[in-house]
Each structure stands twice: as structure tokens, then as C-alpha cells.
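A.B. asks: Just to be clear, the model below is a prediction. Sequence and coordinates:
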Amino acid sequence: MALTVILAGGFVRINEAGESCPDWPTCFGTFGFDVSEEDQGAWYAETGEYDSRGMDHRYSTFDIFTEWLHRLIATMSGAVVLLGVFLVRKKRDELSDENWKAALASLALVVSQGALGAITVRYDNASWTVVLHLLFAILYTSCLFWWWVIWRRDVGSLPGWAVASPEVVAAQEWRIALLTGATLPVILLGVWVSTGGGGSFNQGCSVGWMQGWPLCQGALIPDGLDNPAVHAAWVHRLAVLIVGIFLVRGFLQFRGETSGSAKPLELIFGLGVLAFLLNILAGASYVILGAGADGFPESISLLHLSLATDSILLLSFALLICRLNRADHAVADDVSVAGSDGSDEES
């Protein structure tokens, strides 16, 4: 559900319907989506608020429905989290304290997401609000994954792909953590580029083959870096190149050092790297095809968001699996120490 919320938000953006529900939590003062242009005009006149594209701008029912559906799925996701919190509370004697902490963290993040949604509406989808909204969506989804594997561990049904040896974790966790930490700001910078200047940052490096990609304004280092659009687009590309090289290098080193002893973790790590590389191709296609008569292909923009989200979530999942197995190993060590302090065998 959390992943669907992220993609639904992207669909709202590419349809330029981010302001189609200009208030929160209602939509033009109602909880429905079938708001006529006349009713929209009446709401604008009554509240004195107008769309950022002009006081005469109106939205279709479909536009409003996309934002309404985005909010509905997010609300339903929060309801499921709340139910999970009650279940963990009820089973506190059977489940670990870590499970309870993950439940509370998930609840706090989903509430924060709702608050950020309201802020995003309040500030008419300003770039910084969209970046924060996606950041917390990634944190929320990662926390849900963490909660799930903790719960599976607590009930003795942890899947085999979530198990890694302590030796592999001790040797590789730092690498995965470093690469995950480097990937996240690159993706958030991409969101800044796609939404900055009312979408004008998308053309900061121009469009078309060679001129727009792989070059920027027809050069490796473009003139006009004092222009915010050019600067943001070029820095984003440079960061993508650097992080992409380190991701591939880090994955190859991981494979060489583990020698096939961590296949499930290697697969998740590798899929994260692959999603990042495929996302480079999606971004390139978006810029190259943007020179066409129809302008930017927004379906590729949605693919771009999807692959970016997949890459950071897969890397985060690999990191959380390391954290899970490190925690389990620490528990096992504590049990061994307790059993060696002179207590009887049964204890």
C-alpha cells in the first residue's frame, strides 16, 4: 500500500493535478471528488484562494479523482498500521520489544506523512515539500519492511532470504550502509530537479540527443552554471555518475569478498544497483525524447520515480537485513554468556 501511495503521488504530479484538492483533509470543502468547475469557482471565491496557474484555472473530475485516490490509499495504509499497533500491544508477551518499537515508529511516520501531505497542499507543491514528502515515504516504507521481518522473526517464520551469516554482516554492512546513504540524496536531488521552478528545472540541461544528454547544454561542463536550473540539473547528473560508479564497484567487491556465501543478500543488493542503473537509462530517455513534438513523455517520468524508489528501497532492505542478523547474533552471544556464568544446564 505504501508503494502504491508513492506511485499514485507520482501519477498525480505527471497529470499536473497536485493542486486539484486545494485544501486538506477535504477537497474543495467536500470528502468527494466530483466537484464541478462551477463549484470549484465558488470555493475559490469563498476562500479567496486560487490555483498557482491562475484564478481561472479549473480541474477535471479525473484530475481531482487522482489526488483523492492518493489520499484515500494513504489513509487506508495508516488504518492498517494502527491495527498492527493494537495487535502488537495485545501480544506484548509473545512479541519482542523491538517489534513494539517498530510498530510505534511506523505509526509516527505515517502520521508525519499525513502532516507533510497537508503542508504540501498548503504550500502548493513547492519543491522542498515534495522532496520531504518522498523522503518520509521512503523512510515509512523501509520501516514497514523492518517491522514485517521483525514480526516474522518473532513468530519463527523468518524467510530464508532475510538470513545472512554474522561474518558477512560484519564485513559488508558498512559498505551497504555507505552506498545506501550516498544513493538517497541523489534521488532526492532528482525530485528537486523534476519539480523545481514549476518543472522548468527539467530542461536545465536542454533536451535531445547529445545536446541534452549525455551532454548538458551541449557541453560536459555547461556555461550558465549560475542559472539555478542548469546548476541543479548538472549537479544531479554528476552525482548520479559518481554514485553509479561506486554502486557497481561496491557490488563487485561484495561478490568477490563473499564468494557466493551470501546469495540472498547479494541478490537484493544487486537488484538495488540494477534499478539504479536502469533509472539512469529512464532519465536519459526522458530528456532525449523531450525534444519531440509532444514534449516530455510523462509515462517515463513515472517509471523514473518508480525505479528511483525501487533502488533506494532495495538497498535499504539489504541494510536492514544486515541489521536484523547483527541483532540476532548479539542476542545469541548474550544467551551464550548467560549460560556460561555457572548456572545449571536447564537455565
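C.D. replies: The structure has been received and is ready for your questions. Numbers count the residues shown, from 1 in each chain.
A.B. asks: Now Trp209: phi and psi?
C.D. replies: The phi/psi pair for Trp209 (degrees, to the nearest 10) reads phi -70, psi 140.
A.B. asks: Need the pLDDT of the nearest residue in space to it that is not next to it in sequence.
C.D. replies: Ranked by Cβ to Cβ, 6 or more residues apart in numbering and with sequence neighbours excluded, the top spatial neighbour of Trp209 is Ile288, at 5.1 Å. C-beta here means a position set from N, CA and C on the backbone, and glycine is covered the same way. Note on Ile288: pLDDT of 94.
A.B. asks: thought Ile288 was touching Pro214?
C.D. replies: No. Using Cβ atoms under 8 Å, Ile288 is not in contact with Pro214; the gap is 9.5 Å.
A.B. asks: Among those two, which residue is more densely surrounded?
C.D. replies: Ile288 (19 against 14; other Cβ atoms under 10 Å).
A.B. asks: is it fair to say the more buried one lies in a helix?
C.D. replies: Yes. Under DSSP: H, G, I helix; E, B strand; the rest coil, Ile288 falls within a helix.
A.B. asks: Run through the residues that contact it.
C.D. replies: 207-209, 212-213 (Cβ atoms under 8 Å, 6 or more residues apart in numbering).
A.B. asks: how close does it sit to Leu302?
C.D. replies: As judged by Cβ to Cβ, to the nearest Å, Ile288 and Leu302 stand 17 Å apart.
A.B. asks: Ok, Tyr59 next?
C.D. replies: The gap separating Tyr59 from Leu302 is 19 Å, by Cβ to Cβ.
A.B. asks: swap in Leu324?
C.D. replies: Look at Leu324 and Leu302: by Cβ to Cβ, they are 32 Å apart.
A.B. asks: which one of those two has more residues nearby?
C.D. replies: Leu324 (21 against 17).
A.B. asks: thinking again about what came up before, of the contacts of Ile288, which is the most crowded?
C.D. replies: Gly212 (24 neighbours).
A.B. asks: That one touches Leu289, doesn't it?
C.D. replies: No. The pair Gly212 and Leu289 fails to qualify as a contact (Cβ under 8 Å) at a distance of 9.9 Å.
A.B. asks: Excluding residues flanking it in the chain, which one is nearest the most centrally placed residue in the chain?
C.D. replies: For the chain, the residue nearest the mean C-alpha position is Ile138 (3.4 Å; Cα atoms, centre = their mean). Residue nearest to Ile138 in three dimensions, not counting chain neighbours: Ile312, with 5.8 Å by Cβ to Cβ, 6+ apart.
A.B. asks: per-residue confidence for that neighbour?
C.D. replies: Ile312 is given a pLDDT of 97.
A.B. asks: correct me, but it touches Ile187?
C.D. replies: Yes. At 5.5 Å, Ile312 counts as touching Ile187 under the criterion of Cβ under 8 Å.
A.B. asks: Domains of this protein: list them as residue ranges, please.
C.D. replies: 1-158, 159-335 (automatic domain parsing).
A.B. asks: how deep is Gly218 tucked in, by neighbour count?
C.D. replies: Here the count is done by other Cβ under 10 Å, and Gly218 has 13 residues near it.
A.B. asks: give me every residue that touches it.
C.D. replies: If you count contacts by Cβ under 8 Å, 6+ apart, then Gly218 has 206, 210-211 around it.
A.B. asks: Where neighbours are concerned, which of the residues you listed has the most?
C.D. replies: Ranking the contacts of Gly218 using other Cβ under 10 Å puts Ser206 first, with 19 neighbours.
A.B. asks: Now do the phi/psi pair for it.
C.D. replies: Main-chain dihedrals, Ser206, degrees, to the nearest 10: phi 70, psi -170.
A.B. asks: and it, what pLDDT?
C.D. replies: Ser206 is assigned 91 on the pLDDT scale.
A.B. asks: Asn202 too?
C.D. replies: Among the per-residue scores, Asn202 shows a pLDDT of 83.
A.B. asks: Compute the distance between it and Ile300, please.
C.D. replies: From Asn202 across to Ile300, the span is 12 Å (Cβ to Cβ).
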